[in-house]
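Undergrad: Dropping the sequence and predicted coords here.
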Amino acid sequence: MSRLSAQCRVAFPGFALDVDLDVPLSGITAVFGASGSGKSTLLRAVAGLETQSRGHVRIDDVVWQDDAKGVFLPPHRRGVGYVFQDSRLFPHLTVERNLRYGFKRHAPETRYVDIDRVIEVMDMLPLLHRRPASLSGGEIQRVAIARAVLANPRLLLMDEPLASLDARRKHGILPFIERLRDDLGIPVVYVSHAMEEIIRLADTLVLLSEGKVAATGGVEELTGRLDLHPLTGRHEAGAVIAAVTGERDEMFDLTELRFGDNRLLVAGLDVPVGQPLRARIRARDVALSLEKPEGTSILNLFAGTVVEIREDKGPQVDVLLDIGVPLIARITRKSCSDLDLAPGKPIHAMVKAVAVDRHSMGRHGGPRG
Amino acid sequence: MDVDFGPLGLTFKLALVTVAVLLVLSTPLAWWLAHTRSRLKPVIEAAVAMPLVLPPTVLGFYLLVLMGPNGSIGAWWVTLTGDTLTFSFSGLVIASVIYSLPFVVQPLQGAFEAVGRRPIEAAWTLGASKLDAFFSVASPMAGRGYLTAAVLGFAHTLGEFGVVLLVGGNIPGVTKVVSIAIYEHVETLNYEAAHMLSAGLLGFSFAVLVVVYAVNRRFPVHAG
């Protein structure tokens, strides 16, 4: 498996990026952080567009930048594909000539991407003879992604490619990005500030905060860490569970998701049995009970133990549980005190079936099954 | 009636050569001005804009001094070619290039600034070198700027008088451009010949501009 190693230091007035990164390049690596955390600057430094960045950038043994040795490969010789947030299609060229722009600038022997295949996978055929000005926002971003892929990149960098789109168009494009990963096998570094995109797409997560790497690791691992909740989005915080679809109960329109020895019932999903999925269970949708609840309308009950309790200002606390996988519950400080919760204490967690966010369920193609 | 239309042909030849030279010289200059963060930028911009504010006679006077056989450029030219630069067609081209410089540089600079860095960065990441990105992305996107620059440079060179008179004088077939021929006809009270030349220049210039604007309309508008 190849690795990306990057050490980038850039200082602008009012902002500094100081990042030391070493991540495996398989599937999609997400870079997540608030706006202004340095996500785009990091991506630009890797591509060689941020010429003020000092440090090094390496893919395995291939050195793109090493200031200690005075090496700086210009962007066009790095073999990156770059999908910009604002697409940057060439307005004077048709879609087809936009797509071929990068393709024809790479020698045939270095091409590993088949142009007809990309046109098919990205559903470009109906658009080929149109000009960018006549395309919709979603189409524009799809062309931009296909164009970057056709440059035969060793690494595809995507800078919030969906940020400018509405929810409907976003969900129209996500499957295409999944196909890049699954069908074409291109390693992707994906910058986003939308956790649901990352949960759906990414295998590895890099959390950026104020120009520094706050944490690096698997998506399930990092979303299950209470100390990172201020960064992963406190309000929407919750554990991400890797699961496999089981049987669908047609009568009640429910689908079973299996993880470890547990099962989770969610609203009926139109996916085949055995499909790996991720489910996000928001902390505010998890309630706790010391005794096993009887006679309740809640379908999803899990027995486990308390691992950690994290208090912040305000009336609520986050409780990290071990139910075979990490699960997080947000309860009031008063309840925590009344139940006398402490690490190691056995507990029952209740999750409403409807509380599982269907949109956050993506195919989970990474190695962490 | 005997009207010599030679000055008309000479004028168009001068304007065409001047525009060609200007487009080649102004492209890198305008590109640099559009993208530089150098502290020298305002100084260079001011120098380029000087012909806009100076009376043509002032410009012509200094060019005459510089380009005369004893001037620094003129003396160098004499050793290089054996000819004097003043009162020659080459001298007129050099003077016109300087005189019309801002009319070509400024539209180009504006066009390059409108294109911006973004599409160029995209071209780089797609494997285009800097020069390749310029020719395949930046200059086609700045197409309208080139058209405007060429028209303005051409039109401005057609209409020049003071600089040409001082640097080129009034040598038939060499430096006698149409504006000077018209002036001469008026001086000698040959209004009929002055009319013929003036009407010719008027009609031709209008026809050129109509063609240019018609082409311009069909030129696709590119939003950055």
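TA: Ah, there it is.
Undergrad: C-alpha from now on. contacts and neighbour counts both.
TA: OK.
Undergrad: Excluding chain neighbours, give the residue nearest to A:Leu125 in space.
TA: Nearest residue to A:Leu125 in three dimensions, chain neighbours excluded: A:Ile119, at 6.1 Å (C-alpha to C-alpha, 6 or more residues apart in numbering or on different chains).
Undergrad: Give me the pLDDT for that neighbour.
TA: As predicted, A:Ile119 sits at a pLDDT of 90.
Undergrad: now A:Met361
TA: Model confidence at A:Met361 (pLDDT) stands at 47.
Undergrad: lowest confidence element among the helices and strands of chain B?
TA: Scoring the helices and strands of chain B by mean pLDDT, DSSP states H and E places helix B:191-218 at the bottom, with a mean of 85.
Undergrad: Please state the offset of that one from the chain centre?
TA: 18 Å (C-alpha atoms, centre = their mean, to the nearest Å).
Undergrad: returning to that earlier point: pretty sure the residue nearest to A:Leu125 contacts A:Ile145?
TA: No: the criterion here is C-alpha atoms under 8 Å, and A:Ile119 misses it with A:Ile145 at 11.0 Å.
Undergrad: more neighbours, the two?
TA: More crowded of A:Ile119 and A:Ile145, by other C-alpha atoms under 10 Å in any protein chain shown: A:Ile145, with 27 against 20.
Undergrad: how close does the more buried one sit to chain B?
TA: 12 Å (C-alpha to the nearest C-alpha, to the nearest Å).
Undergrad: from what I can see that residue touches A:Arg88, true?
TA: No: the criterion here is C-alpha under 8 Å, and A:Ile145 misses it with A:Arg88 at 10.7 Å.
Undergrad: where do the helices sit along chain A?
TA: Secondary structure of chain A, counting by DSSP state H: helices at A:39-47, A:95-103, A:115-121, A:137-150, A:167-179, A:195-201, A:219-223, A:229-232, A:333-338.
Undergrad: B:Ala75: which of the ones you listed is closest?
TA: With C-alpha to C-alpha as the criterion, B:Ala75 lies closest to helix A:95-103 of the helices of chain A, at 50.1 Å.
Undergrad: buried ones in the least confident helix or strand of chain B?
TA: B:Ala193, B:Ala194, B:Leu197, B:Ser198, B:Leu201 (16 or more other C-alpha atoms under 10 Å in any protein chain shown).
Undergrad: Tell me where the longest helix sits in chain B.
TA: The residue-count maximum for a helix in chain B (DSSP H) belongs to helix B:6-35.
Undergrad: now for that helix, which elements pack on it?
TA: Contacts defined by 3 or more C-alpha pairs under 8 Å, 6 or more residues apart in numbering or on different chains; DSSP states H and E place helix B:6-35 against helix B:89-115, helix B:143-158, helix B:178-187, helix B:191-218.
Undergrad: In a markdown table, list these along with distance to A:Met251.
TA: Shown next, in a markdown table, are the helices and strands packed on helix B:6-35 (distance: least, C-alpha to C-alpha, whole Å):
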| stretch | distance to A:Met251 |
| --- | --- |
| helix B:89-115 | 59 |
| helix B:143-158 | 65 |
| helix B:178-187 | 94 |
| helix B:191-218 | 63 |
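Undergrad: Could I get those helices in CSV, plus columns for distance to chain A?
TA: Shown next, in CSV, are the helices and strands packed on helix B:6-35 (distance: least, C-alpha to the nearest C-alpha, whole Å):
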stretch, distance to chain A
helix B:89-115, 10
helix B:143-158, 10
helix B:178-187, 40
helix B:191-218, 13
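Undergrad: Contacts only, for the residue nearest to A:Val307 when sequence neighbours are not counted.
TA: Among residues not flanking A:Val307 along the chain, A:Pro343 sits closest, at 4.8 Å (C-alpha to C-alpha, 6+ apart). Neighbour list for A:Pro343: A:Thr305, A:Val306, A:Val307, A:Glu308, A:Ile309 [criterion: C-alpha atoms under 8 Å, 6 or more residues apart in numbering or on different chains].
Undergrad: ok, back up a step: any idea which of the buried residues of helix B:191-218 is the one closest to A:Ile140?
TA: Nearest member of the buried residues of helix B:191-218 to A:Ile140, counting by C-alpha to C-alpha, is B:Leu201, at 48.4 Å.
Undergrad: thought the closest one was touching B:Leu8?
TA: Yes: using C-alpha under 8 Å, B:Leu201 is in contact with B:Leu8, at 7.2 Å.
Undergrad: Mutual contacts of those two, please.
TA: B:Val178.
Undergrad: can you list contacts of stretch A:154-170?
TA: Residues contacting stretch A:154-170 (C-alpha under 8 Å, 6+ apart): A:40, A:43, A:47, A:79-87, A:137-138, A:141, A:148-149, A:173, A:186-193.
Undergrad: rerun that using 6 Å as the cut-off
TA: A:79-85, A:138, A:187-192 (C-alpha atoms under 6 Å, 6 or more residues apart in numbering or on different chains).
Undergrad: what does stretch B:12-20 give?
TA: With C-alpha under 6 Å, 6+ apart, stretch B:12-20 has contacts from B:Val93, B:Val97, B:Gly153, B:Phe154, B:Thr157, B:Leu158.
Undergrad: returning to what we had before: direction-wise, compare the longest helix of chain B with helix B:89-115 and give the angle.
TA: 40 degrees (axes from the mean of the first three to the mean of the last three C-alpha atoms, to 10 degrees).
Undergrad: Can you pull the phi and psi angles for the residue in the stretch 151-300 of chain A that chain B sits nearest to?
TA: Distance from chain B to each residue of the stretch 151-300 of chain A (C-alpha to the nearest C-alpha) is smallest for A:Ala151, at 5.6 Å. When quoted as degrees, to the nearest 10, the phi and psi of A:Ala151 stand at phi -80, psi 10.
Undergrad: if I look at it, how far off is A:Leu125?
TA: 18 Å (C-alpha to C-alpha, to the nearest Å).
Undergrad: quick one: which of these two has more around it?
TA: Each of A:Ala151 and A:Leu125 has its neighbours counted (other C-alpha under 10 Å); A:Ala151 has more, 29 against 14.
Undergrad: In contact with that one: list those residues for me.
TA: For A:Ala151, the contact set (C-alpha under 6 Å, 6+ apart) comprises A:Gly102, A:Phe103, B:Leu126.
Undergrad: Let me know the pLDDT of residue 99.
TA: Since you didn't name a chain, this refers to chain A. 96.
Undergrad: could you do chain B instead?
TA: As summarised for this prediction, B:Tyr99 has a pLDDT of 92.
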